[in-house]
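In: could you work out the structure for the sequence below:
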Amino acid sequence: MLIRSVAAALALSLATPVLAQDATATEETETSEAQTLPDIALGAEDAPLTIVEYASFTCGHCANFHDQNWPKLKSEYVDTGKVRFIQRDVYFDAVGLWAGILARCGGDDKYYAVSDMLFDEQKKWLEGDSGDQIAENLRKIGLKAGMTEEQMTACWNDSAKAESLIATFQQNTTADEIEATPTFVIGGEKVQNQPWDELKKIIDDKLAEADTAAE
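Out: Have a look, this model is predicted:
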């Protein structure tokens, strides 16, 4: 299913009161009225290279990347000031959106920590036999991250925030023509997921280009 179609389905079917009451609204109306949200960046503001990762919390390949390659990317490039990293959430289904809301529920400062927990424990929290069980599994992650039950409930009941997340997701994926996850935009170039050695070469080449341009 195309990501744009997924966005339309989410916008019209998620259990937020306003959207549920107006199933005749068009995709353009739902997304254009919602306020888009700024990126949450990690790393030095003056880093010579920016890497954007489009990832879904329900995507197994994304979880594998965060298990195997994200620690290398963070330690070798983000923590050393060479790369400014931005994760942009992609929602393939309502469950992915629930996880995305939880990731932002603790505030921007906790976003990447909660995101890491969601990827680390993806298989476990997705094991629920029903939506209620999956929501309960997500609550356990939120509690471990220091959120309260009331805080999580308020975040999931915030229909305006859900609409903004959907609008942001759709705007970003449309602009960068994203069709699958994980997909990276490295120094403005769209790059599909690949083994670390190949990703590392692309990153190093982009950094060399940035150094040359700065001279």
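
In: CA atoms for contacts and neighbours, from now on please.
Out: OK.

In: ok, now which ones touch Thr181?
Out: Thr181 is in contact with Tyr54, Ala55, Ser56, Cys59, His61, Cys62, Val90, Asn193, counting by C-alpha atoms under 8 Å, 6 or more residues apart in numbering.

In: repeat that for 10 Å
Out: 53-62, 89-90, 92, 192-193 (C-alpha atoms under 10 Å, 6 or more residues apart in numbering).

In: now the spatially most central residue of the chain: phi and psi?
Out: Here the mean C-alpha position of the chain is nearest to the C-alpha of Asp89 (C-alpha atoms, centre = their mean), at a distance of 1.9 Å. Per-residue torsions, Asp89: phi -80, psi 140 (degrees, to the nearest 10).

In: which SSE is immediately downstream of the strand or helix carrying Gln133?
Out: Assessed by DSSP states H and E, Gln133 sits inside helix 131-144. Where DSSP H and E defines the elements, the next helix or strand beyond helix 131-144 is helix 149-156.

In: nearest spatial neighbour of Asp211, skipping sequence neighbours?
Out: Counting by C-alpha to C-alpha, 6 or more residues apart in numbering, Asp211 lies nearest to Pro48, which is 7.8 Å off, once chain neighbours are set aside.

In: and what of Gly131?
Out: With sequence-adjacent residues excluded and distances taken as C-alpha to C-alpha, 6+ apart, Gly131 is closest to Val95, at 7.7 Å.

In: against Ser130, how distant is the one you found?
Out: To Ser130, Val95 is 11 Å away according to C-alpha to C-alpha, to the nearest Å.

In: ok, those two, which is more surrounded?
Out: The residue with more neighbours, out of Val95 and Ser130, is Val95; 18 against 10, by other C-alpha atoms under 10 Å.

In: residues contacting that one?
Out: Listed by C-alpha under 10 Å, 6+ apart, the contact set of Val95 reads Leu14, Phe57, Thr58, Ile101, Leu126, Gly131, Ile134, Ala135, Leu138.

In: right, I'll leave it there.
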